[in-house]
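Undergrad: Here is the input, now give the coordinates:
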Amino acid sequence: MTWTAAQTTAVIAILGTALTALLTYGLNRRAARRERRALAFGEALSVVEDFAEMPYRIRRRPGTPEGRHQLTEEVSRIYSRLAFHQALLDIEAPAVAAAYRRLAGEARAEVGEQMKTAWQKPLRLTDAEMNLEQHYDRTRVDVARDECVATMRAALGQARFPAVPAQIVRGGRPAQ
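TA: The predicted model follows:
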């Protein structure tokens, strides 16, 4: 029995199909992993943003025990979510976990003081008073967030683009 060109062509076609399927499978797994990590990174950043908003929520709090309880419960949930995302990142992406730990630490330091101050301010009783004339400084959180995002991009395999200035991200409000 002799090997024919038709048999060679069939073997090449089978090997080509198998190689293509294997390559497609690998690329799809990589894309799914990247998408899962990007979602986890975004959710982790969202928790920090929720935390950074708490001084504003506290300043606009209702003067009821239920309102105070609700806000303190929300702060507790945020701390729990920060810990959850920190643990998830420790498992999933150690380099990102280190940057996120720095971001969470800066948020606790900067925003924690702002929340303490906000609790000591008088209640706002009218609709007009709900507009806060002075914004809370987020410089430390913004710098740490930009560093964390750069680390997340690197972990996702994205090129590092120049960071958008925080002033533009916050709608033109200058940091104070």
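Undergrad: If you count contacts, what does the helix or strand encompassing Glu73 end up packed against?
TA: When secondary structure is defined using DSSP states H and E, the element that contains Glu73 is helix 65-92. Other elements packing on helix 65-92 under the criterion 3 or more Cβ pairs under 8 Å, 6 or more residues apart in numbering; DSSP states H and E are helix 5-59, helix 94-120. Every C-beta, even on glycine, is put in place using the N, C-alpha and C of the backbone.
Undergrad: okay, the angle between the first one and helix 65-92?
TA: Pointing back at helix 5-59 there. Taking axes from the mean of the first three to the mean of the last three Cα atoms, to 10 degrees, helix 5-59 and helix 65-92 form an angle of 150 degrees between their directions.
Undergrad: now for helix 5-59, which elements pack on it?
TA: With contacts taken as 3+ Cβ pairs under 8 Å, 6+ apart, helix 5-59 sits against helix 65-92, helix 94-120, helix 139-156.
Undergrad: quick one: buried residues of the second one?
TA: Of the residues in helix 94-120, those buried under the neighbour-count criterion (16 or more other Cβ atoms under 10 Å) are 96-97, 99-104, 106-108, 110-111, 114-115, 118.
Undergrad: same question, the shortest one
TA: Applying a neighbour-count criterion of 16+ other Cβ under 10 Å, the buried positions in helix 139-156 are 141-142, 144-149, 151-153, 155.
Undergrad: Check stretch 73-87 too.
TA: Within stretch 73-87, the residues scored as buried using 16+ other Cβ under 10 Å are 74-75, 78, 81-82, 85-86.
Undergrad: Going by distance to Leu23, which of the residues you listed wins?
TA: Using Cβ to Cβ, His85 is the member of the buried residues of stretch 73-87 that sits closest to Leu23, with 33.4 Å.
Undergrad: For Gly42, see how far away that closest one is.
TA: Computed with Cβ to Cβ, to the nearest Å, the distance linking His85 and Gly42 is 10 Å.
Undergrad: just Ala98 next, same as before
TA: The spacing between Ala98 and Gly42, counted by Cβ to Cβ, is 18 Å.
Undergrad: Run a quick neighbour tally on Arg68.
TA: Summarising burial for Arg68: neighbours were counted as other Cβ atoms under 10 Å, giving 14.
Undergrad: For it, give its distance to Ala150.
TA: For Arg68, the distance to Ala150 (Cβ to Cβ) stands at 38 Å.
Undergrad: what's the answer for Arg37, then?
TA: 15 Å.
Undergrad: Any stretches of this structure with poor pLDDT?
TA: Low-confidence regions of the chain, defined by pLDDT under 70, span residues 158-176.
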